[in-house]
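Student: With the input below, show me the fold.
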Amino acid sequence: MKILVVGEEDIFQQHLLKNTLEAIKELDCECQLEVIEDIKEIMKLEEIGLIITPALIIDNHILCEGHIWDKEHIKHYIMKLMK
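Tutor: Below you'll find the predicted structure:
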């Protein structure tokens, strides 16, 4: 499972990253986490439909963009993918 937290570093991106890290830790799931902060790299994600940051992308599926999911919401989605 590949998880991307996308967005220039600001308080919103940091909060989404924190929630994502906590969800991964609590689930003890094996995944590849990547944080994309560089604007050029963010622009490349337009091809999968990314419009607004911060965003959470798992296996090329945009879960949220422009808002921050809480830890429990992230855990729920990861658990669905792990089945």
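
Student: my guess is Gly7 meets Ile42, correct?
Tutor: Yes - at 7.2 Å, Gly7 and Ile42 qualify as touching, with contact defined as CB atoms under 8 Å. All C-beta atoms are positioned from the backbone trio N, CA, C, and that covers glycine.

Student: Give the residues shared as contacts by those two.
Tutor: Residues touching both Gly7 and Ile42 comprise Ile36, Thr53, with contact defined as CB atoms under 8 Å, 6 or more residues apart in numbering.

Student: And those two? Which one has more around it.
Tutor: Residue environment comparison for Gly7 versus Ile42 gives the larger neighbour count to Gly7, 24 against 16, counting by other CB atoms under 10 Å.

Student: ok, Met82 touching Cys29?
Tutor: Yes - the pair Met82 and Cys29 qualifies as a contact (CB under 8 Å) at a distance of 6.2 Å.

Student: shared neighbours of these two, anything?
Tutor: Each of Met1 lies in contact with both Met82 and Cys29 under the rule CB under 8 Å, 6+ apart.
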